[in-house]
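>>> Quick one: sequence plus predicted model below, questions after.
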Amino acid sequence: MIKARKQDFNARVWNKIKRIPKGRVTTYWEVARALGSPRAVRAVGNALGRNLLAPQVPCHRVVKSNGGIGGYSGGLEIKIKLLAKEGVSVKNGKISGFNEIFYKF
DNA sequence: ACGACGGCCCTCG
DNA sequence: ACGAGGGCCGTCG
């Protein structure tokens, strides 16, 4: 259970990730930066990791800053699968054409 | 209030 | 290229 505050940090993250178009990916760093704190990448990952945002948010569309997959609470395999289904190819745990599908806010 | 954890990032050896 | 350490932010116990 998470304390339901008036729009938690998670809500902000989720709101942004939510608007990420299909076949596109973003990075924790970009999200954190969009929130106003590029150093808060840990908080962002934490928010997503808690699944607080649930399936309503495509957390799998969020990858690492170097084009890596990162991680996934339900299973990294699932994340890769989801990406693949959306047209995002993954090579050796890295996004194929990451810079091409990278969605900038 | 304090300490610890986390799907991280960056810098240094 | 690889490994280890530090840092910053937020939430939980």
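Right, received. Where do you want to start? Residues are numbered from 1 along each chain as shown, chains lettered A, B, ... in the order given.
>>> got any ranges where chain A has weak pLDDT?
Within chain A, the segments meeting pLDDT under 70 span A:1-7.
>>> residues near the residue nearest to residue A:27 when sequence neighbours are not counted, how many?
Using C-beta to C-beta, 6 or more residues apart in numbering and skipping the chain neighbours, the partner closest in space to residue A:27 is residue A:65 (4.6 Å). Backbone N, C-alpha and C define where each C-beta goes, glycine included. When counting by other C-beta atoms under 10 Å, one arrives at 14 neighbours for residue A:65.
>>> now do residue A:69
20.
>>> OK, contacts around it?
A:63, A:76, A:79-80, A:83, A:90, A:93-95 (C-beta atoms under 8 Å, 6 or more residues apart in numbering).
>>> and it, how far is that from DNA strand B?
Remark: distance between residue A:69 and DNA strand B (C-beta to the nearest atom of the strand, to the nearest Å) = 9 Å.
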